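Asks: quick one: sequence and predicted model below, then my questions.
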Amino acid sequence: QVQLVESGGGLVQPGGSLRLSCAASGFIFSQYHMSWVRQAPGKGLEWVSSINNRGIMTTYADSVKGRFTISRDNAKNTLFLQISSLKPEDTAVYYCSRILGNYYEKNYDFRGQGTQVTVSS
């Protein structure tokens, strides 16, 4: 069955960095476009970034552009999100999601359990 397992979250000071990972299994990872979405306390899901199946095309939400970098290693079935210059408003649970459709679409059929990122001094 499809499994997406995120890791790499934690407590970080403003301006700090983290690298989130998502280990995928149960499907042919290289055939699917992938996204990171996040959910801040008391708020709904927010799309963060997407990458196409080959790792060539990427898109970012305006709120993270220039600070976050999405990438993938298809040989290792792993999705990454390098997050830098963190702000308190980046505090959220970050989820890895499998896209249903084209890489720029925001429809998902599977999502992981999430990894918590807390930005605080």
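Replies: Cool, got the structure.

Asks: show me what contacts the residue lying closest to residue 17 once chain neighbours are set aside?
Replies: Spatial nearest neighbour of residue 17, excluding adjacent residues (C-beta to C-beta, 6 or more residues apart in numbering): residue 84 at 4.4 Å. Quick note: C-beta positions are derived from backbone N, CA and C, even for glycine. Neighbouring residues of residue 84 by C-beta atoms under 8 Å, 6 or more residues apart in numbering: 16-17, 67-69.

Asks: quick one: neighbours of residue 65, just the number.
Replies: 10 (other C-beta atoms under 10 Å).

Asks: try the one 10 residues further on
Replies: For residue 75, the number of neighbouring residues by other C-beta under 10 Å comes to 8.

Asks: ditto for the one 10 residues further on
Replies: Applying the criterion other C-beta under 10 Å, we find 13 residues in the vicinity of residue 85.

Asks: surely it is in a strand?
Replies: No - applying DSSP: H, G, I helix; E, B strand; the rest coil, one finds residue 85 to be coil, outside a strand.

Asks: how near is it to residue 12?
Replies: Noted for residue 85: a distance of 11 Å to residue 12, by C-beta to C-beta, to the nearest Å.

Asks: cool, and residue 20?
Replies: Taken as C-beta to C-beta, the span from residue 20 to residue 12 is 11 Å.

Asks: overlap in contacts of these two?
Replies: residue 117.

Asks: more neighbours: the two, which one.
Replies: Remark: of residue 20 and residue 12, residue 20 carries more neighbours, 24 against 18, as counted by other C-beta under 10 Å.

Asks: where does the residue most central in space within the chain sit: helix, strand or coil?
Replies: Geometric centre of the chain, nearest residue: residue 36, 2.6 Å, by C-alpha atoms, centre = their mean. Using three-state DSSP, the structure places residue 36 in strand.

Asks: separation between it and residue 121?
Replies: Distance of residue 36 to residue 121, given as C-beta to C-beta: 24 Å.
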